[in-house]
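Enquirer: Mind looking at a prediction? Sequence and model below.
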Amino acid sequence: MLWNLSIPVERYGQAFLDTLMMVGVSGAIAFLAGIPLAVLLIVTAPHGFWESPKINLAVGSVVNGFRATPFIVLLVALIPFTRLLAGTTIGVWAAIVPLAISATPFFARIAEVSLREVDSGLIEAAQAMGCKKWDIVRHVYLPEALPGIVGGFTITIVALISSSAMAGAVGAGGLGDLAIRYGYQRFDTQVMLIVIAVLIALVTAVQFAGDRYVQRLRAR
């Protein structure tokens with residue numbers, strides 16, 4: 001019953017909205033930055049039409065470096081950069097900076113795998129027809145890899161939900177902050193259970209929506 005809640009229901013609602021804000025904005029940034037990164041990794045790879053081992057190695061090393069860094073470590077390491085961009089190191093907008101930086105290389109690698117699976121025969125046919133390199137990316141690579149990219153983006157959003165909850169440990173706001181401040185620190189099991197239930201429901205909804213959209217794309 002709502003009147004038996006140990007903290008007001010409005011606080012849960014605000015925490016939920018904060019989580020959606022963090023995940024939504026950082027997810028959008030990761031998508032917009034991750035796709036170009038994935039394309040760059042593909043076209044500069046061996047046998048790519050802009051083959052460049054040096055660029056591929058440099059970009060790949062940066063991507064791998066961020067991917068290999070645990071999010072909580074990255075969160076702390078980026079505090080000066082976060083303060084520079086957001087003007088603060090606590091709150092929702094401060095959390096978006098490390099969330100986006102962490103998610104971008106993660107999504108870029110997943111998108112790269114999807115792009116790599118595009119039939120090389122289609123690429124060769126487009127080249128034989130005299131298509132420009134940018135047209136091949138727009139009209140062959142991206143459309144053919146779209147189901148895999150959407151599936152990978154779904155996984156990225158789920159990972160962001162988990163990371164946003166972890167960011168609550170440093171006062172980022174959202175459901176993670178609620179669970180730590182009112183659940184863990186005050187030994188309130190009820191708050192912990194409600195937050196866990198909401199996070200599970202959110203992840204399930206995102207995964208379901210992503211899977212359905214991928215099925216639609218593959219049926220076309």
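Expert: Yep, it's here. Owing to the predicted nature of the structure, the values given are computational and were not obtained by experimental measurement.
Enquirer: make it CA atoms for all contacts and neighbour counts henceforth
Expert: OK.
Enquirer: remind me, longest helix of this protein?
Expert: For the chain, the longest helix by residue count, based on DSSP state H, is helix 9-43.
Enquirer: how about it: buried residues?
Expert: 12, 15-16, 18-31, 33-35, 37-43 (16 or more other CA atoms under 10 Å).
Enquirer: Next SSE downstream of that helix?
Expert: Per DSSP states H and E, helix 9-43 leads on to helix 53-68 as the next helix or strand towards the C-terminus.
Enquirer: what comes into contact with the very next helix or strand once past that following helix?
Expert: The helix or strand immediately downstream of helix 53-68 is helix 71-77, counting by DSSP H and E. Contact with helix 71-77 is made by Pro98, Ser102, Ser163, Met166, Ala167, as judged by CA atoms under 8 Å, 6 or more residues apart in numbering.
Enquirer: May I ask which of those residues has the most neighbours?
Expert: Ala167 (28 neighbours; other CA atoms under 10 Å).
Enquirer: In this model Ala95 seems to touch it, though I could be wrong.
Expert: Yes - between Ala167 and Ala95 there is a contact at 6.7 Å, judged by CA atoms under 8 Å.
Enquirer: and the angle from the longest helix of the chain to helix 53-68?
Expert: 160 degrees (axes from the mean of the first three to the mean of the last three CA atoms, to 10 degrees).
Enquirer: And helix 9-43, what does it pack against?
Expert: Judged by 3 or more CA pairs under 8 Å, 6 or more residues apart in numbering; DSSP states H and E, the packing partners of helix 9-43 are helix 53-68, helix 92-116, helix 142-167, helix 174-178.
Enquirer: nearest to Phe208, of those helices?
Expert: Smallest distance to Phe208 across the helices and strands packed on helix 9-43 (CA to CA): 9.2 Å, for helix 142-167.
Enquirer: how far off helix 92-116 does the closest one point, in degrees?
Expert: Angle between the axes of helix 142-167 and helix 92-116 is 150 degrees (criterion: the same axes, to 10 degrees).
Enquirer: For helix 142-167, which residues meet the burial criterion?
Expert: So for helix 142-167, counting by 16+ other CA under 10 Å, buried means 142, 144-161, 163-167.
Enquirer: Check the offset of it from the chain's centre.
Expert: 5 Å (CA atoms, centre = their mean, to the nearest Å).
Enquirer: Also stretch 32-41?
Expert: Chain-centre distance of stretch 32-41: 13 Å, with CA atoms, centre = their mean.
Enquirer: what does it contact?
Expert: Asn56, Val59, Gly60, Thr104, Pro105, Phe107, Ala108, Arg109, Ala111, Glu112, Leu115, Val137.
Enquirer: circling back: can you redo the contacts of helix 71-77 as TSV with distance to Gly121?
Expert: What follows is those, written out as TSV (distance: CA to CA, whole Å):
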residue	distance to Gly121
Pro98	39
Ser102	34
Ser163	39
Met166	44
Ala167	45
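Enquirer: just curious, which of these is nearest to Ile79?
Expert: Pro98 (8.6 Å).
Enquirer: Look up how far Ala28 lies from that closest one.
Expert: Using CA to CA, to the nearest Å, we find Pro98 at a distance of 14 Å from Ala28.
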